[in-house]
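Student: This is the structure alone, sequence omitted:
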């Protein structure tokens, strides 16, 4: 795997021509595997003999992973994404109430208000810089960070720093010293957040988790509390940030598709834009890790017991065996076709993304309001001039300079 990341789609297509499962070399010369094909990935994600707990990672358990390994947090953080069985159900149940359909719908008005304010900020930023603004910085990042920050009770003063630190945690080209420092500081900042909520509890998820720790200590330990906050901050904004950024890029590069949605033709709406972006340019390219608890054969390839396996969401989204010969074409009408296969970009099985309904709603509202207000919005540079994220985990670009055009709001 290239630690510097880059656009994954050409490599994915080349690998998929050979097999749905590929052997990969992770940073630090750690041997792993990646599951790329849609059906193979669906089988693997739901397999009862595939675990998430780091105790199943052979090289880590045997002490052969060097300190400061850039992917260590994905394996070792204490929380839902590294728990199995009863532990996973216990931890998931503690946060699931914040993501029920009713609770998510209650956030709609706040998301609409925050979206409107950020669009004002985006317009001001563009007016101050010759009509060009970084949409990722001024809109795509602060929206999901603001929403998850309010949900968790994270004061605004911490949010920019938490974004910077979480960005370093998901980077795969970071050196050992920086990786260790970023992880230490992320834990320290979230411990400060937890301490503040402990002193001044509110109607937020962190306060609820602290109550569970203090009143029912067997349900949540301190390390699990901080680990859960780490996961919620990273997953709660990085994925939606990339989703929004990739959707805007896709629509700017496919003006005919944008016009379909703006005119409301054929019953196609912003929900369809979100789903097609999730499939066509998944916010997460390769997500670490899962481990077979025994030698496992997937689509004819043996994955040895204890191997760290990447879930290849960006590859599965363009798998022609499932999504057809035009799988590499962005088409917002795809999800409306009879018999269309649902993508796997938000997971599958017991670890399906808990925040999926919230991410979908945030993205749908944000895109509708953005292009309704700025229907002529376009990239200020070519797609080739955009700098990719330094990660093979996240799949997007570092900045998205746009020209807003005339405002209609």
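Tutor: That came in fine, so what should we check first? What you see is a predicted model, and the numbers here were worked out from it, not measured in a lab. Numbers count the residues shown, from 1 in each chain.
Student: all strands for this structure, in order.
Tutor: With strands called from DSSP state E, the chain shows them at 21-26, 30-35, 50-51, 132-134, 286-292, 296-298, 301-303, 309-312, 378-379, 401-403.
Student: Check which helices and strands the fifth one is in contact with.
Tutor: The contact analysis (3 or more CB pairs under 8 Å, 6 or more residues apart in numbering; DSSP states H and E) places strand 286-292 against strand 50-51, helix 72-76, strand 309-312, helix 313-317. From N, CA and C alone the C-beta is placed, and that goes for glycine too.
Student: Can you lay out the strands of the chain as JSON lines showing mean pLDDT?
Tutor: As requested, these are exported to JSON lines (pLDDT from 0 to 100):
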{"stretch": "strand 21-26", "mean pLDDT": "97"}
{"stretch": "strand 30-35", "mean pLDDT": "98"}
{"stretch": "strand 50-51", "mean pLDDT": "98"}
{"stretch": "strand 132-134", "mean pLDDT": "97"}
{"stretch": "strand 286-292", "mean pLDDT": "97"}
{"stretch": "strand 296-298", "mean pLDDT": "98"}
{"stretch": "strand 301-303", "mean pLDDT": "98"}
{"stretch": "strand 309-312", "mean pLDDT": "98"}
{"stretch": "strand 378-379", "mean pLDDT": "98"}
{"stretch": "strand 401-403", "mean pLDDT": "98"}
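Student: pretty sure residue 238 contacts residue 168?
Tutor: No: in this structure, residue 238 is not within contact of residue 168 by CB atoms under 8 Å, at 11.4 Å.
Student: More neighbours: which of these two?
Tutor: Between residue 238 and residue 168, counted using other CB atoms under 10 Å, residue 238 has the larger neighbour count: 26 against 20.
Student: highest average neighbour count across the strands of the chain?
Tutor: Of all the strands of the chain, strand 309-312 has the most neighbours on average by mean count of other CB atoms under 10 Å, namely a mean of 26.
Student: to the chain's geometric centre, what's the distance from that one?
Tutor: Remark: strand 309-312 is offset 14 Å from the chain centroid, using CA atoms, centre = their mean, to the nearest Å.
Student: One more: stretch 239-246?
Tutor: For stretch 239-246, the distance to the chain centre is 8 Å (CA atoms, centre = their mean).
Student: One more: stretch 321-334?
Tutor: With CA atoms, centre = their mean, you get 22 Å for stretch 321-334.
Student: what's next to that stretch, contact-wise?
Tutor: Contacts to stretch 321-334, defined as CB atoms under 8 Å, 6 or more residues apart in numbering, come from residues 9, 13, 37-39, 250, 253-254, 257, 260-261, 266, 268, 272-273, 276, 279-281, 316-320, 340-341.
Student: just to revisit the earlier point, can you put the strands of the chain in TSV and add distance to residue 74?
Tutor: TSV is the format used below for the strands of the chain (distance: least, CB to CB, whole Å):
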stretch	distance to residue 74
strand 21-26	11
strand 30-35	12
strand 50-51	14
strand 132-134	28
strand 286-292	4
strand 296-298	20
strand 301-303	18
strand 309-312	10
strand 378-379	32
strand 401-403	31
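Student: Of all those, which one comes closest to residue 71?
Tutor: Using CB to CB as the measure, strand 286-292 is the one of the strands of the chain that comes nearest residue 71, at 5.4 Å.
Student: now that closest one against strand 30-35, angle please.
Tutor: 100 degrees (axes from the mean of the first three to the mean of the last three CA atoms, to 10 degrees).
Student: re earlier: distance to residue 331 added to the helices and strands packed on strand 286-292, as JSON lines?
Tutor: JSON lines is the format used below for the helices and strands packed on strand 286-292 (distance: least, CB to CB, whole Å):
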{"stretch": "strand 50-51", "distance to residue 331": "32"}
{"stretch": "helix 72-76", "distance to residue 331": "32"}
{"stretch": "strand 309-312", "distance to residue 331": "21"}
{"stretch": "helix 313-317", "distance to residue 331": "13"}
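Student: quick one: which of the ones you listed is nearest residue 294?
Tutor: Of all the helices and strands packed on strand 286-292, it is strand 50-51 that lies closest to residue 294, at 9.8 Å by CB to CB.
Student: ok, residue 3 - contacts?
Tutor: Residue 3 touches 27, 70, 172-173, 390, 392, counting by CB under 8 Å, 6+ apart.
Student: out of those residues, what pair is the most spread apart?
Tutor: The span of those, defined through CB to CB, is set by 27 and 390 at 11.7 Å.
Student: overlap in contacts of those two?
Tutor: 3, 172-173.
Student: most neighbours, which of the contacts of residue 3?
Tutor: residue 392 (30 neighbours).
Student: rewinding a little: between the strands of the chain, which gets nearest to residue 349?
Tutor: Per CB to CB, nearest to residue 349 of these: strand 50-51, 9.0 Å.
Student: The closest one: how far from the chain's middle?
Tutor: Taking CA atoms, centre = their mean, one finds the center of strand 50-51 at 21 Å from the center of the full chain.
Student: Name the surrounding residues that touch it.
Tutor: 44, 84, 290-293, 296, 309.
Student: export those residues to a markdown table and tack on distance to residue 120?
Tutor: What follows is these, written out as a markdown table (distance: CB to CB, whole Å):
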| residue | distance to residue 120 |
| --- | --- |
| 44 | 45 |
| 84 | 46 |
| 290 | 43 |
| 291 | 47 |
| 292 | 51 |
| 293 | 52 |
| 296 | 52 |
| 309 | 44 |
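Student: Tell me the one of these nearest residue 138?
Tutor: Among the contacts of strand 50-51, and counting by CB to CB, the member closest to residue 138 is residue 290, at 36.0 Å.
Student: give the contact list for that closest one.
Tutor: Contacts of residue 290 (CB under 8 Å, 6+ apart): 44-45, 50-52, 308-309, 311.
Student: and if we set it to 6 Å?
Tutor: 50, 52, 309 (CB atoms under 6 Å, 6 or more residues apart in numbering).
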